[in-house]
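J.: Take a look and give me a structure for this.
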Amino acid sequence: MDLLLLEKTLVALFISIVSAIAISKLRGKRFKLPPGPIALPIFGNWLQVGDDLNHKNLTQLAQKFGDIFLLRMGQRNLVVVSSPELAKQVLHTQGVEFGSRTRNVVFDIFTGKGQDMVFTVYGEHWRKMRRIMTVPFFTNKVVQQYRHGWEDEVAKVVEDVKKKPEAESHGIVLRKRLQLMMYNIMYRIMFDRRFESEEDALFVKLKALNGERSRLAQSFEYNYGDFIPILRPFLRGYLKICKEVKERRLKLFKDYFVEERKKISSIKRPDNDKLMCAIDHILDAQQKGEINEDNVLYIVENINVAAIETTLWSIEWGIAELVNHPEIQKKLRDEMDAVIEPGQQLTEPDTHKLPYLQAVIKETLRLRMAIPLLVPHMNLHDAKLDGYDIPAESKILVNAWWLANNPANWKNPEEFRPERFLEEEAKVEANGNDFRYLPFGVGRRSCPGIILALPILGITLGRLVQNFELLPPPGQSKVDTTEKGGQFSLHILKHSTIVLKPRSV
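T.: Residues are numbered from 1 along each chain as shown. Model (predicted):
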């Protein structure tokens with residue numbers, strides 16, 4: 001840092017300290033704020049709690065300060081709610097007040113300051129984007145239209161694994177092949193395109209850019225510049241990399257997929273809506289002037305991250321738990337053998353006849369929630385919650401993982417026990433009918449991808465268990481399920497090597 005920048009930073013720091021003290025005193029008189037640790041000027045609670053605001057750290061704070069507490073992270077107010085009753089208030093009862101999204105310096109880059117659907121503020125733009133995305137992506141009609149393609153992609157995974165002798169002997173990292181499967185499932189929906197192999201040059205490029213985007217966005221490294229704006233000069237290099245990755249990704253989406261689809265549509269326009277892929281519907285909305293070209297590309301950006309990665313994490317968690325609980329795996333296999341005719345492969349309609357498979361999926365989403373804090377909410381204006389004042393533009397986190405893992409509300413929540421969803425929790429569904437269990441959120445800003453994720457999880461886990469015995473590598477009794485968390489995510493730290501022994505079906 002040069003001397004001029006250092007001088008400006010120190011002056012700004014001094015002014016901010018004085019301002020923060022004055023504002024704090026004024027707000028202390030005016031607001032009845034939720035409880036929380038004592039905040040320092042400028043830094044707030046950042047130096048006390050650090051950057052890693054994961055679901056387990058926030059659970060520990062909730063046990064100390066209560067079901068609603070406030071953290072001052074530099075200039076940001078962060079309100080955390082950790083009870084079903086308060087979750088209902090934020091997501092449902094006061095869903096309009098808390099229906100906006102807070103972003104940060106990195107997500108502002110990757111979403112064009114909210115030109116997408118996931119991170120835009122609550123209002124007309126969000127309603128328009130949600131409506132435009134619902135028809136081509138998030139309906140039962142879409143599931144039925146594309147389920148044969150999903151089944152075909154999973155069948156190809158089974159075939160490829162059976163061709164690998166090392167899968168049966170030493171084991172393979174199945175995630176790599178499942179990643180290709182998930183890209184093909186979603187790119188068939190979006191663009192009527194698929195990639196032939198993991199070595200496909202375009203797939204390799206796409207996967208690398210999406211992976212770099214996820215790494216940069218999920219990291220806690222940049223939080224200091226987000227919490228304390230005067231420190232942002234130190235983030236110049238980081239943000240420059242983010243901008244470069246964003247530009248390269250959007251250019252790839254446009255040049256190789258959106259423009260290609262435009263050419264195909266201009267040559268031969270499908271007469272039947274069933275033959276239209278998702279981007280055709282979205283480009284129609286652009287031609288009608290409802291959205292612009294940037295919105296189109298940010299919709300593609302959302303699907304690449306929100307639909308592909310999160311579902312892949314859940315599949316990986318489900319496989320790991322089945323490997324580590326062979327008795328559950330056997331029970332699931334026995335159910336399928338009893339319901340599905342010999343020689344037949346599991347299909348999407350079959351999954352609805354398999355209650356234990358559904359219970360396995362629910363239990364995976366409960367114990368290993370892919371988005372444990374949901375996507376953050378925000379109130380645009382001053383609001384009230386549980387008798388406390390919530391200042392405008394506060395970041396609201398719902399600790400959905402703790403709602404689903406609190407021993408006060410669940411029997412032995414640390415156990416992976418699908419039976420709970422057939423016994424004491426038989427009425428609980430993943431759609432948010434019980435505020436103790438919100439893997440996809442609930443209300444206006446809930447994840448619409450639930451309608452795709454659940455059948456894809458069912459087909460994938462079901463076919464794998466139907467065709468293979470899933471085992472840990474030789475010499476190991478279990479696979480490592482150490483968690484790795486990010487700004488919003490929860491996935492496995494080390495991608496599991498598993499043995500897949502074929503069985504005759």
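J.: where does the protein have low pLDDT?
T.: Counting by pLDDT under 70, the chain has low-confidence residues at 1-29, 268-275, 505.
J.: switch the cut-off to 80
T.: Within the chain, the stretches with pLDDT under 80 are 1-30, 266-275, 505.
J.: Find the nearest non-adjacent residue to residue 66, please.
T.: For residue 66, ignoring the flanking residues on the chain, the nearest one in space by CB to CB, 6 or more residues apart in numbering is residue 35 at 5.9 Å. Every residue, glycine included, has its C-beta placed from N, CA and C.
J.: can you check residue 490 too?
T.: Of all residues not flanking residue 490 in the chain, residue 372 sits nearest, at 4.9 Å (CB to CB, 6+ apart).
J.: Which strand or helix spans the one you found?
T.: Applying DSSP states H and E as the criterion places residue 372 outside every helix and strand.
J.: and it, what is it in contact with?
T.: Residue 372 sits next to 54, 55, 399, 400, 401, 485, 488, 490 when contact means CB atoms under 8 Å, 6 or more residues apart in numbering.
J.: how far away is it from residue 58?
T.: From residue 372 over to residue 58 the distance is 9 Å, taken as CB to CB, to the nearest Å.
J.: so what sits against both of those two?
T.: Common neighbours of residue 372 and residue 58, using CB under 8 Å, 6+ apart, are residue 399.
J.: What segments of the stretch 201-350 of the chain are strands?
T.: Read by DSSP state E, counting those that start in this stretch, the stretch 201-350 of the chain holds no strands at all.
J.: all helices for it, in order.
T.: Assigned by DSSP state H, counting those that start in this stretch, the stretch 201-350 of the chain shows helices spanning 201-218, 223-227, 236-253, 259-267, 278-287, 293-302, 310-324, 326-339, 348-351.
J.: just those: most buried one?
T.: Mean neighbours per residue, mean count of other CB atoms under 10 Å, is largest over these for helix 310-324, with a mean of 22.
J.: what does it contact?
T.: Outside helix 310-324, the residues that touch it by CB under 8 Å, 6+ apart are 174-175, 178-179, 182, 328-329, 332, 360-361, 363-365, 367-368, 370-371, 416, 449, 452-453, 456-457, 460-461, 464-465, 470-472, 478-479, 481, 489-492, 495-496, 498.
J.: make it 6 Å
T.: Contacts with helix 310-324, where a contact means CB atoms under 6 Å, 6 or more residues apart in numbering, come from 175, 178-179, 182, 329, 364, 368, 370, 416, 453, 456-457, 460-461, 470, 472, 478-479, 481, 491-492, 496, 498.
J.: Separate out the buried members of those.
T.: 175, 178-179, 182, 329, 364, 368, 370, 416, 453, 456-457, 460-461, 470, 472, 479, 481, 491-492, 496, 498 (16 or more other CB atoms under 10 Å).
J.: what are the ranges of the helices in the stretch 1-150 of the chain?
T.: With helices called from DSSP H, counting those that start in this stretch, the stretch 1-150 of the chain shows them at 3-30, 46-49, 55-65, 84-88, 105-110, 124-137, 140-162.
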